[in-house]
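Q: Starting from these lines, generate the structure:
(one chain, ligands or ions: 1)
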Amino acid sequence: MRQISQILQKKRVFLTRTLHNFALNELKKKYQIEIHSGEIPIPKTKLLKKIQNVEGLICFPYDKIDKEMIDAAKNLKVISTFSVGYDHIDTQYALKKKIRVGYTPEVLTDATADLAFSLILDILRRVSEGDRTIREGKWRQIYGAYDYVGIDLQGKTLGILGLGRIGSTLAKRAKAFDMKIIYHNRKSISKNKEKALRAKYVTLDKLITQSDIISIHVPHTKETDQLFDMKVFRKMRKTAYLINTARGKIVNEKDLTVALKKKIIAGAALDVYENEPIGKKHPLTKIQNIVLVPHIGSSTKETRAKMAKITIKNLELGINGKKPIYSVGY
Ligand code: DGY
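A: Numbers count the residues shown, from 1 in each chain. As a prediction, the model looks like this:
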């Protein structure tokens, strides 16, 4: 009898996908949890139904938590997203409705910067292309002087758009490879930090025109939506490369496809796309001078476990009316 009343008293938590077992076990001790299985991302109609009755929500990028969803969430105290990006959540509206929003920055900084740097190495040294060449049985001649030549990183100018946590960590990697670093932010960072990273502040226009490689590390907002379009590609060096591990909608994929086909820029490497997942029929998959990976910026064993830990901690704090460790707003 007591057990039943305890279960009934437990707050309810809905997860739009499953999480690590240790995290689920922790949650189960304290909450009545339900995990969505099946179509990913969860269909809107299902989430609208589920969100009505719960006090806590654990969600992921591409689960759209908009005004309609928030209005349906009559009992919700906290939205805890398993990501650093929260552009899928109408955070302002959630905060207006006194719903806390937790997210997972810091722990994924190294992993995401590592991926951005590995994409730079990959596209400049044609690693994935070489792998494809062998698998397709096209490696015919040994050691030809002009075969599979790539580009040196040393001395090249890396333009970092968004020198925040991930951008700065990428700058450290680039410094070790003797690259020149320029960056653009809304505001320049302190002179001391610039000196430590050997990074020079430039206008957005200069970043676009002077970089050999541009790496994007800004969130997707109204200002950054479709920022990289044909106008920008035409301003970039013909020899330049674009790296995107931030959000897909910052780049106009149609324009990028044309820019790569027509060699308006030299190449690109993407971890994120306008709509995910992309399939093998997507026009970008038909292009050689591009590297495509499936949104794996934070995807290491260690980092994902840390993200799970923070996600459940954020949830626990928010559900009890407290500020999450990493909180958007209050
Ligand atoms: C995030 O956490 O927002 C990233 O996109 C994960 O790679």
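Q: Tell me who's in contact with the residue nearest in space to the middle of the chain.
A: Closest residue to the average C-alpha location of the chain: residue 246 at 4.3 Å, with CA atoms, centre = their mean. Residue 246 is in contact with 85, 162, 216-220, 272, counting by CB atoms under 8 Å, 6 or more residues apart in numbering. (C-beta placed from N, C-alpha, C; glycine too.)
Q: where exactly do the helices run in the stretch 51-200 of the chain?
A: Using DSSP state H, counting those that start in this stretch, the helices of the stretch 51-200 of the chain run over 67-72, 91-96, 109-125, 127-135, 165-176, 191-197.
Q: Could you identify the most distant pair in the contacts of residue 246?
A: Within those, 162 and 272 form the most distant pair, 13.7 Å apart (CB to CB).
Q: Show me what from this structure comes close to the ligand.
A: Residues of the chain lying near the ligand by CB under 6 Å from any ligand atom: 61, 83-85, 108, 295, 297-298.
Q: ends of stretch 214-221, how far apart?
A: End-to-end span of stretch 214-221 (CA to CA, to the nearest Å): 19 Å.
Q: Now it: average pLDDT?
A: For stretch 214-221, the mean per-residue pLDDT is 98.
Q: what residues does that stretch touch?
A: Identification of contacts with stretch 214-221 by CB under 8 Å, 6+ apart yields 85, 87, 116, 120, 158-164, 166-167, 170, 207-208, 224, 228, 236, 240-251.
Q: do the same with stretch 111-121
A: Contacts for stretch 111-121 (CB under 8 Å, 6+ apart): 84, 127, 153, 158, 166-167, 169-170, 172-174, 213, 215, 217, 241, 243, 245, 269-271, 291, 293, 296-300, 302-303.
Q: my guess is residue 59 meets residue 85, correct?
A: No - when contacts are counted by CB atoms under 8 Å, residue 59 is not listed as touching residue 85 (11.7 Å).
Q: Looking at those two, which one has more neighbours?
A: Using other CB atoms under 10 Å as the criterion, residue 59 and residue 85 rank with residue 59 on top: 28 against 18.
Q: From residue 82, how far out is the more buried one?
A: According to CB to CB, to the nearest Å, residue 59 and residue 82 sit 7 Å apart.
Q: go on, residue 94?
A: Distance from residue 94 to residue 82, by CB to CB: 16 Å.
Q: for the closest residue to the ligand within the stretch 201-330 of the chain, what are its contacts?
A: The ligand sits closest to residue 297 of the stretch 201-330 of the chain, with a gap of 3.2 Å, by CB to the nearest ligand atom. Residue 297 is in contact with 108, 111-112, 115-116, 245, 271-272, counting by CB under 8 Å, 6+ apart.
Q: circling back to that earlier point, which among the contacts of residue 246 count as buried?
A: The neighbour count (16 or more other CB atoms under 10 Å) marks 85, 162, 216-218, 220, 272 as buried among those.
Q: got the residues you listed as TSV, with secondary structure columns?
A: Shown next, in TSV, are the buried ones among the contacts of residue 246 (DSSP: H, G, I helix; E, B strand; the rest coil):
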residue	secondary structure
85	coil
162	coil
216	strand
217	coil
218	coil
220	coil
272	coil
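Q: between those residues, which is nearest residue 149?
A: residue 216 (26.3 Å).
Q: Look up which residues are beta-bridged to that closest one.
A: residue 161, residue 244 (DSSP bridges).
Q: Just want the phi and psi numbers for residue 35.
A: With angles defined as degrees, to the nearest 10, residue 35 sits at phi -120, psi 130.
Q: Number of residues surrounding it?
A: Residue 35 has 14 neighbours, counted by other CB under 10 Å.
Q: Then residue 104?
A: Residue 104: 27 surrounding residues under other CB under 10 Å.
Q: try the one 3 residues further on
A: Neighbourhood size, residue 107 [other CB under 10 Å]: 19.
Q: got it, and residue 111?
A: Residue 111 has 22 nearby residues by other CB under 10 Å.
Q: Same check on residue 202?
A: With other CB under 10 Å as criterion, residue 202 counts 18.
Q: tell me the contacts of it?
A: Taking CB under 8 Å, 6+ apart, we find residue 202 in contact with 159, 182-184, 210.
Q: how close does it sit to residue 214?
A: Remark: distance between residue 202 and residue 214 (CB to CB) = 12 Å.
Q: can you check residue 232 too?
A: For residue 232, the distance to residue 214 equals 9 Å [CB to CB].
Q: Find residues that contact each of the two.
A: Jointly contacting residue 232 and residue 214 under the rule CB under 8 Å, 6+ apart are residue 208.
Q: So which of the two has more stuff around it?
A: Taking neighbours as other CB under 10 Å, residue 232 and residue 214 compare with residue 214 leading, 26 against 22.
Q: ok so, going back, would you format the contacts of residue 246 as a markdown table with distance to residue 284 included?
A: Output for these, formatted as a markdown table (distance: CB to CB, whole Å):
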| residue | distance to residue 284 |
| --- | --- |
| 85 | 21 |
| 162 | 23 |
| 216 | 16 |
| 217 | 21 |
| 218 | 21 |
| 219 | 22 |
| 220 | 18 |
| 272 | 12 |
